[in-house]
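> Take this sequence and fold it.
(one chain, ligands or ions: 1)
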Amino acid sequence: METIIRERNLWPTTGLNAQCEGFKCELNRTDCCCRRLLFSQPDFTSQKSHLEEYITSRGHTCDFYPKFHCELNFIEQYWGAANFRYRTSQRTCDMDAMERNVLSCLDDVPLLQIQRYANRSARFISTYVQGLTGGEAAWANRQYHGHRTLPPSMILEVKEALRKA
Ligand SMILES: [Zn+2]
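Alright, predicted model coming up:
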């Protein structure tokens with residue numbers, strides 16, 4: 001780290017520790033330790049992950065879902081349905097049988113059910129985009145589960161209904 005920082009003429013005459021104790025850097029400081037100094041360099045902050053670089057190099061868009069929001073990712077719901085089938089299926093005694101069982105459970109989830117998961121995620125995205133909070137979005141999703149997205153008039157209805165409740 002010191003070599004890289006010296007190459008950039010950023011090494012202070014007083015020197016720098018490799019990192020702050022317990023990785024607890026002072027808030028808003030970028031020069032407290034080697035680690036923080038390097039992490040705040042533009043070429044480090046703009047570096048994409050290997051996965052993201054690979055995906056975009058193949059001409060695809062790489063978009064990450066926010067952490068802890070599985071309701072936005074219908075694949076999580078599909079995976080949950082396949083996982084349920086796997087847990088309730090007969091036990092297997094070898095790897096080949098287990099692999100066949102996993103594939104069978106994945107194939108067992110009907111396409112219509114997967115499309116419903118996709119619609120559910122689309123509704124959540126739509127409600128978040130229109131300004132509903134997590135609880136409001138969940139309520140709206142139960143109320144209007146027949147719609148792919150919620151038109152703004154329905155968002156107003158949701159806000160009005162939740163205000164009265
Ligand atoms: Zn630090």
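> Which residues of this structure lie near the ion?
Within the chain, the positions near the ion by CB under 5 Å from the ion are 20, 25, 32-33, 36. From N, CA and C alone the C-beta is placed, and that goes for glycine too.
> For E71, give its distance to C62.
According to CB to CB, to the nearest Å, E71 stands 21 Å off from C62.
> Of those two, which one has the most company?
E71 (20 against 13; other CB atoms under 10 Å).
> what's the nearest residue to the more buried one if we skip its chain neighbours?
Leaving aside its sequence neighbours, E71 sits nearest to F124 (CB to CB, 6 or more residues apart in numbering; 4.8 Å).
> how's this protein carved up into domains?
2-47, 70-164 (automatic domain parsing).
> Just among the residues of the chain next to the ion, which is most surrounded?
C33 (20 neighbours).
> ok, now how distant is it from W139?
Applying CB to CB, the value for C33 to W139 is 46 Å.
> Pull out the buried positions in the strand or helix carrying E99.
Here E99 is covered by helix 95-108, with elements defined by DSSP states H and E. Using 16 or more other CB atoms under 10 Å as the test for burial, helix 95-108 gives 101-102, 105.
> Return the member of those nearest to the ion.
V102 (44.7 Å; CB to the ion).
> what sits against that closest one?
82, 86 (CB atoms under 8 Å, 6 or more residues apart in numbering).
> The most centrally placed residue in the chain: what secondary structure?
For the chain, Y65 is the residue whose C-alpha lies nearest the centre (CA atoms, centre = their mean; 3.0 Å). The three-state label given to Y65 by DSSP: H, G, I helix; E, B strand; the rest coil is coil.
> lowest-confidence stretch among the domains of the chain?
The stretch with the lowest mean pLDDT among the domains of the chain is domain 70-164, at a mean of 89.
> what's the burial count for Q113?
What Q113 shows, counting by other CB under 10 Å, is a neighbour count of 13.
> Check which residues of the top helix by length along the chain are buried.
For the chain, the helix with the greatest residue count under DSSP state H is helix 111-129. Using 16+ other CB under 10 Å as the test for burial, helix 111-129 gives 114, 117-128.
> Save those as JSON lines, and put in distance to Y144 too.
Formatted as JSON lines, the buried residues of helix 111-129 follow (distance: CB to CB, whole Å):
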{"residue": "I114", "distance to Y144": "20"}
{"residue": "Y117", "distance to Y144": "16"}
{"residue": "A118", "distance to Y144": "16"}
{"residue": "N119", "distance to Y144": "11"}
{"residue": "R120", "distance to Y144": "11"}
{"residue": "S121", "distance to Y144": "14"}
{"residue": "A122", "distance to Y144": "12"}
{"residue": "R123", "distance to Y144": "7"}
{"residue": "F124", "distance to Y144": "11"}
{"residue": "I125", "distance to Y144": "14"}
{"residue": "S126", "distance to Y144": "10"}
{"residue": "T127", "distance to Y144": "9"}
{"residue": "Y128", "distance to Y144": "14"}
